[in-house]
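Colleague: what shape does this take:
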Amino acid sequence: MNRTIPRQRQRGISLVVGLILLVLITLVVTSAFMLSSTNLKAVGNMQYRDEAIAAANAAIEQVISSDVIFLNPVAQAVVVGDYTVQVAAPVCLYAVDVNTATSNDPNPNILIEGAGGGGGGGAFQDTYWDIAATVDDGLTGAAVVAHQGIKITLPAAPNPCP
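Modeller: Purely as a prediction, here's the structure:
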């Protein structure tokens, strides 16, 4: 028995189902496009932030490459690539006298002109510092502050660390 539905009873259900599926496919493609563009923006922002952190660390390394910044702490602006990094004046956290009598090395630090000799205690101090570098890039909107702790042995006089 072959039943056929007369044409008067057909209501176009195929057309309705086809339109619904077309709308669903369009929504899936649109949401996938929006999600991928959002992910691309997030990855770009992470890259800008990482570049700013690298610039701040490079500026700190450049500033601490000399003992001068610790003997006369001042703020500096350092240009690293496309970034201008504001390096704050180093802050001395504390200092500890170095007892050189327990070492065979009469000069526990590199030779600094005018520094006292070795031998007894008090000629040098282990000083502990904190340096902050701030990057604020107006073009990308990246803004980071990097802190670096530093221990350096300096002459006790003049005392750079109160």
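Colleague: list the helices and strands the longest strand anywhere in the chain packs on?
Modeller: Using DSSP state E, we find that the single longest strand of the chain is strand 121-136. Where contact means 3 or more CB pairs under 8 Å, 6 or more residues apart in numbering; DSSP states H and E, strand 121-136 is packed against helix 13-63, strand 83-87, strand 91-99, strand 143-155. From N, CA and C alone the C-beta is placed, and that goes for glycine too.
Colleague: wait, what's in contact with the one residue sitting closest to the centre of the chain?
Modeller: The central residue of the chain, meaning the one whose C-alpha is nearest the mean C-alpha position (CA atoms, centre = their mean), is Ile53 at 2.6 Å. If you count contacts by CB atoms under 8 Å, 6 or more residues apart in numbering, Ile53 has them with 135, 144, 146.
Colleague: wait, Val98 sits on Phe124?
Modeller: Yes - the criterion here is CB atoms under 8 Å, and Val98 meets it with Phe124 at 4.3 Å.
Colleague: please identify which of these two sits among more neighbours.
Modeller: When neighbours are counted by other CB atoms under 10 Å, Val98 and Phe124 differ, and Phe124 comes out ahead with 25 against 21.
Colleague: wait, doesn't the more buried one sit right on Asn159?
Modeller: No - taking contacts as CB under 8 Å, Phe124 lies outside contact range of Asn159: 11.3 Å.
Colleague: who touches both of those two?
Modeller: Residues touching both Phe124 and Asn159 (CB under 8 Å, 6+ apart): none.
Colleague: just to revisit the earlier point, any idea which of the contacts of Ile53 has the most stuff around it?
Modeller: When neighbours are taken as other CB under 10 Å, the top entry among these is Val135 (23 neighbours).
Colleague: run through the residues that contact it.
Modeller: By CB under 8 Å, 6+ apart, the contact set of Val135 is 52-53, 55-56, 83-86, 142-146.
Colleague: leaving out chain neighbours, which residue sits closest to it?
Modeller: Closest residue to Val135 in three dimensions, ignoring its sequence neighbours and counting by CB to CB, 6 or more residues apart in numbering: Ala52, at 4.2 Å.
Colleague: check contacts around the one you found.
Modeller: With contacts defined as CB under 8 Å, 6+ apart, Ala52 is in contact with 83, 135, 137, 140, 142-144.
Colleague: can I get those residues in a markdown table including distance to Val17 and pLDDT?
Modeller: As requested, those are arranged in a markdown table below (distance: CB to CB, whole Å; pLDDT from 0 to 100):
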| residue | distance to Val17 | pLDDT |
| --- | --- | --- |
| Tyr83 | 57 | 90 |
| Val135 | 57 | 94 |
| Asp137 | 53 | 88 |
| Thr140 | 48 | 84 |
| Ala142 | 50 | 87 |
| Ala143 | 53 | 90 |
| Val144 | 54 | 94 |
